[in-house]
Structure formats: C-alpha cells, structure tokens
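Novice: What follows is a protein structure lacking sequence information:
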C-alpha cells in the first residue's frame, strides 16, 4: 500500500519533470548532448589514462581539481541564504532559501564527479571509505573532505526533501527541521575550511601554505555562490512566474558585495606579504601575476579576474547599480567569472609552478579535459533543472502528494435552500428562479431530507394540468408510465422521494458513478443526522475536475 | 525465490553471473590485467597489503606472478621480504664527487622496471651554477644536455625520494596506500592506490611519479627479480617512487644507483649500525638535508667530502 502510494507519487513527480515547452526539451537535449560528449571523452581517458590531460608530474592537478575547488565554494550559496532567512527571519529570502539548498546539492554532486574523473583508479574509490576501505582518518585532509562533503550533501538532501514533503502536505516544516538547518551552517563553513586546509596543510607548496587560504576560501565562496543564485532566481522568476521579491535579490547582492570586499582585502594582504618579504616563496605568486623566466600563461587570466572582481564589487556595492538589473547582472557575471579564475586555476596551478624542484611546466588543459569538464557542468545544469522542475510545482502548491482522493465536500455547493412538504409548487418555482438554482431538497419538521425537487419535476407537474400539452408532446416530454404521477400543488406531491443522498466524505468518484448510473442530476449531501449541508450537481463536479491540478487525482 | 532468470535467447543466467557480466562491461577498460577470469574479482577485492596475512599475501603474489607472466611471457618473481629488525636505511650523497652523468638515473630505470613510454624516472639530477645562490632550486636546471660532464662552473645534485622519517606524503594519502616501513622505506601498494595524487602535491622533493598512461616496457627489458612493494611492474593510474631498491637492500645488496655510480658519490647503509659507512659520513662530514625547515626529517644526507 505504502509502496503503491510512493510509486504513484514518483510517477506524478516524473510527469512534472517530463512536461514542458519546446524550449525546455531543447534545453534538456542540449545538455544531454554535452553530457554524452563529456562521457565519451571520459571513456577515452579511462582507456588511455590521464595522459589525455595536460597534467604531468610537475603539475599533477589541473582543471578538474580547479573546478572542484570552485564548486565547493558554490555549495555555500545555501548558507548565505539560510542565515538571513532563518536566523534573522528575513522573509523574502526565506522563501527562496530552498533553491540555494538545491544548488548546494547540485554543486556537491559535481564536486564528487570532478574528483572521480581526476582519479587514476576510479574503480578503487571504495578504498577511501571507512570500515570497508582504509580511510586515513584523521591524518589525511582528503579523508576529512570526504566526510564533510558527504555530510553536507546528506544534510541538504534531508532538509530539502523534508521541507518539500511537509509543503506538499500543507504543513509547517520549520520547527522539526530547525536543528538540521542550524547544523548546515557550520557544515558549510567546514567544507570550505577543510578544502582550504587540503591546500593549506602542505608545507611543500608555499603558495598554498598560507593560513589566509581558508578565510579567503570562505570570503570568495560567499561571493560566487550567491551571485550564481541571483542569476538563477531571475531565470526561475521569469520561467515559472514565481514570486521572488526584488528586495530579496538586492539584499543578497549587498551581502555579496561585503563578502567581495573581504575577499579582495585578504588577497591584498597575501600579495603584500609575498612581494614585500620577497623570499624564495615569492616565485609562484610572481609566476601568477607577472610570469617567471618568460613563462606567463596565467598572467592575462589573473589580471582579468582581478579587474572583474573589482568592477563587480563596485557594481554590487553602489545601491544605484545594485538595484538596476542590467548592472546587477553584469556584476554577478563578472564576479562569477572572476572568482572562477582566481579560485580555480588561479589557486591550483601556481601551487605547482615552479614545482618543488624549481621546474616550470606550463599547464594548458587539453581539449579532452575541457570536454569532460563541460560535460560535468552540463550534468550539473541538467540535475539542477530537473530538481527545479520537480520542486517548484510542489513549492507553489501546484502539485500535492499524498492527498486523499477528492470527496463530496470539495465539490458541493453550500448555497442551500430547503422547502417543507407543504410548500406550494408556485412558491418553489419562484425560489428556483430567484436563487438561480435548478433543484432543492425537501425536509421534514426535523430538518431531515425526505425528497428532492428539480426543475423537471415542476415541468411535469405543470404540463399535466393541461391535457392539450400532453397530447401534443406526448412521449417526448412525459413518458406514459409517468403520467398521473406528480400531480398536485405542494412539494410532497411532486418531489422525488426518497432522495439520493451522500455524506461529505463520500469520494467524488462514487458520486460520479451514482449520477451516471441512476441518470440523476444532483445528490443531496447530508450529515450523520440526515440534515442537508449542500448539494452536488453535475456542473459542480465538472467545475472541480476542470481545475488543472486535480486532473491526476481522479482516475 | 529463484535467482535464475531467463533471457529471450533462452540462456539461463544466475544473478551473480549476470551482475558480473554487467560490471565487467562497465569496468572492463579501467581495471588492470585479466578481465575475463576469476582473478578480475580477486584483483578488485584485493585487500590492503598490510591487512593480509602471510597466506593471503602468498595467494595474491601467485596471482600477480601469473598475470605478469601472461603479459610479459616470462617468469617474474615477486618477493615480499620483510624489513630486517635493527635496520634503518640511510643514504648519503657526496655533492663534491657527483659529475652529473645520470648513470644512476638509467640504472634505476633498468633495475626498477620504470615505464619507457611514457618515460618515468625516479631520480632527477639538477645542475646548479657555481658561485650563485646555493640550493635555490628555482635556479636549477633539470634538462642540461652538454657534450661532456662535468661542465666547468657547474655542480650537480641528484634528488630522489628522501625517505623522510616524517613523510608528508604518507600523512596526505587518503587510503593509507603509502606508508613507512619499519626499516624506514616509504612504499606504495600499487594495488591499493586510487591515483588521487595528493601525495604528489604533498611531497616537497618532487620524488613521486604518476603513471599518466599505461606503463610500457619491452618484456626483454623487464627485471624479473622484484618485490611487491618495489619494482614489480606498475599499472596506469597509480603513483610510484624510489624504494631504496627494496628488492635488493632487504637482501643485503646496495641500491642500483649506489652500485653504478662511477665516482662513488653515493653511500648507503644502516643508520642504526655505528660501523656503517653512512654513519661514518654523517659523523665526519658536513652533512645537510634538503628543505630541513619543513621538518620532514629525511634519511637522505647530502655532504661535501673533504678535498675535492
């Protein structure tokens, strides 16, 4: 039973994912194409080894690990939204924090993919697990990273699914999930700190072996993730017509500007220390910013990043440019590009150049590396699209799971007029006309339903008073067997009795069945004592079924 | 419930065969050596070397020997000699003697079955200009290629694994695939390494090598006397390094680089033995170790012998 419900809900969700415009399908097809390209490049890499990349012993990590590092930062987006949303109860952001959490899930998944494609022996990945493998914990920072990244992923998945589950039930979600949301804040900080320590903890690499790396990671993460979110919000708002307040967007942009200020300051502090002290540790940063012995591959990139970051900072800082969507988006895009370069290749490559024995190997990623990287980004985009496609209808209330089937009370009209058995036919006709209704129940002295009168009952009654009509219209309007019935001047004479009744919780499906089988037009809904509470007529059912979101609920 | 499932061709597959087939199809390209037989799973689920008992080690080594024999069409012996008690290996290198001839580099390649294509070498010889900043590695030249060595105005410094007592690579490895043996040699289990290369980022001496492609070495050039933790043929996607020729030194021989050195610049011995040559060098020469400020505590001592 439970499985059946779960399967049904899965199918509902799946339908939601499959439904979409031509543009949507084109987007999915485009991403799938990129994924397939990436996959084929990766299969070739599996066959021939990492020699298909430009990495070598001198520069033993490259584009994959750079993307990994950047994406760990993106995963922070969630927390930068959670803090104002839940902790400071800034409502406009609270409403969109869910999308940040989805982004975190996607970013961490991409991180895992980038690690897998960087591994020389990906099928041995289980060696890194505790118990079945030989996880080198607590000694290896990479083991720590496995723990915090998977922990953060798990916490976010639990939060998102719990929140969606509650929303789909129309229930409040915060109180019980609150501890996990609070927990996710230090966890987000931890994934950055641990990833920074991964580099920071290597005395062999002076460029990384600086305690400013972890604060810089967190500062730059709090820029790039939310900046990406801002762009996503606008897309979501446009495509799904979702109500995301400008106030939320501007507030986040303001926070991003402050984070960027800190990021630039920390970077400046590092640049000063290295260049001013001018020890042999200056070589990597010299290589990065000015080139070394004529090798200057990274120089144009890092200066582009620096300029982009500064422009982005100014655009997001000044209220005038921040609250203009053109300049706001420019700022966000510049910032994402700037941080992608600075925290990706700009951080990883100089760690290896010059290498530990002073050799300069200039790393330029191969086409295959780039194709694999693009493939993973496409996989991330696909994952996020599908997550949104599934989440937004639940979030906006368009899709409700686990709701019991529609019942009489959902469809019934409560506009109820009753008459007594002694009410005259004339009076009843006047009531029907003045109230714009087509029928009504007849109740006894205890307000219990004893019959129903419809328009046709009155017609029969009226026709039979004039034999001329009966003659002329004959069977067309009044079947022979019915002639002689429904003659009289009061309700009790013409009503159909006993009335067909149902209770408020009778499933709509049953009502439909009764109406079609008995060829009647309305059912009186009564409470347990038999007192009328409403009527369900054919048009009421039609009206309820026409509501789009109910279509799947009636088989 | 029956685990037998039939397919449209009428061939009956039990679940295990079915899963195995599926996994083989998936994994076939990436796992080393024979995919088709049972050894595929034995290789896949092979335990960490240090977690195996002697019996299990014997079985694994038998399997590997068989695999190597199939691959190279010749018998290859894989030893698993344990460290000798009371031995801590140490290395000395006399910089005033080294002429930069790179014979040690090539002898090492021959002895330790390094890949020829792509080229893998465990020893790097650096050339420095005399009279300039001493041991500013950034000023060193690795690809020097003169008509004749030694060149005037230059001196040479070979670098290989320094066999640190406090090895940053071992600390970094997320799977414990590399560790320091009781006799001080840092080794790698090539069947346990996942190829993440964190150890390479961690090594201050550029001593670790990664098999970026399938290592290739003609069968006639394979040295058949190997050690599980040393010079047995490696796989693509794993890290390797100098092991002080563990296959030789645990059997009382000198490392190949020590033997080949034409000028006797290389010294080797037991640091725990007061009578050893290496102890003599440490006690009587002005020794230093590379990047001492990193506190890695290498067992590789550079020194200048008196008089040259």
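Specialist: Nice, thanks for sending it over. Please read these numbers as outputs of a predicted model, since none were measured by experiment.
Novice: Every contact and neighbour count from this point should use C-alpha atoms.
Specialist: OK.
Novice: Apart from its neighbours in sequence, what residue is nearest whichever residue of the stretch 1-150 of chain B sits closest to chain A?
Specialist: In the stretch 1-150 of chain B, no residue comes nearer to chain A than residue B:138, which is 3.8 Å away by CA to the nearest CA. The spatial neighbour of residue B:138 that comes closest, neighbours along the chain excluded (CA to CA, 6 or more residues apart in numbering or on different chains), is residue A:358 at 3.8 Å.
Novice: residues in contact with the one you found?
Specialist: The contact partners of residue A:358, taken as CA atoms under 8 Å, 6 or more residues apart in numbering or on different chains, are B:137, B:138, B:139, B:140.
Novice: Near the second one, how many other residues are there?
Specialist: Residue B:138 sits with 18 neighbouring residues when counted by other CA atoms under 10 Å in any protein chain shown.
Novice: pretty sure it is in a strand, no?
Specialist: No. Assignment of residue B:138 by DSSP: H, G, I helix; E, B strand; the rest coil gives helix, placing it outside any strand.
Novice: Roughly how far does it sit from residue A:300?
Specialist: Look at residue B:138 and residue A:300: by CA to CA, to the nearest Å, they are 23 Å apart.
Novice: so how far is residue B:256 from residue B:266?
Specialist: Plainly put, residue B:266 is 10 Å away from residue B:256 if you go by CA to CA.
Novice: Check residue B:186 too.
Specialist: Distance check for residue B:186 against residue B:256: by CA to CA, it reads 17 Å.
Novice: just checking, what packs against the helix or strand residue A:535 falls within?
Specialist: Element membership for residue A:535 (DSSP states H and E) is strand A:532-537. With contacts taken as 3 or more CA pairs under 8 Å, 6 or more residues apart in numbering or on different chains; DSSP states H and E, strand A:532-537 sits against strand A:522-526.
Novice: Which strands border the strand it packs on, and is each parallel or antiparallel?
Specialist: Sheet pairing of strand A:522-526 (DSSP bridges) gives strand A:501-503 (parallel), strand A:532-537 (antiparallel).
Novice: Identify the residues contacting that strand?
Specialist: Contacts made with strand A:522-526 from outside it, assessed by CA under 8 Å, 6+ apart, are listed as A:408, A:412, A:439, A:441, A:449, A:499-504, A:511, A:515, A:532-538.
Novice: what's the answer for stretch B:109-119, then?
Specialist: Contacts to stretch B:109-119, defined as CA under 8 Å, 6+ apart, come from residues B:120-122, B:211-217, B:221-223, B:226, B:230-233, B:245, B:256.
Novice: Any buried residues in it, and which?
Specialist: Buried residues in stretch B:109-119, defined by neighbour count with 16 or more other CA atoms under 10 Å in any protein chain shown: B:109, B:110, B:111, B:112, B:113, B:114, B:115.
Novice: cool, stretch B:98-108 as well?
Specialist: The neighbour-count check on stretch B:98-108 (16+ other CA under 10 Å) flags B:98, B:99, B:100, B:101, B:102, B:104, B:105, B:106, B:107, B:108 as buried.
Novice: The fifth one against residue B:125, yeah?
Specialist: Looking back up the chat, that one is residue B:102. Yes. Applying CA atoms under 8 Å, one finds residue B:102 in contact with residue B:125, separated by 6.8 Å.
Novice: helices or strands up against the biggest helix by length in chain A?
Specialist: When secondary structure is assigned using DSSP state H, the longest helix within chain A turns out to be helix A:246-277. For helix A:246-277, the helices and strands in contact under the criterion 3+ CA pairs under 8 Å, 6+ apart are helix A:91-94, helix A:213-240, helix A:299-317, helix A:319-322.
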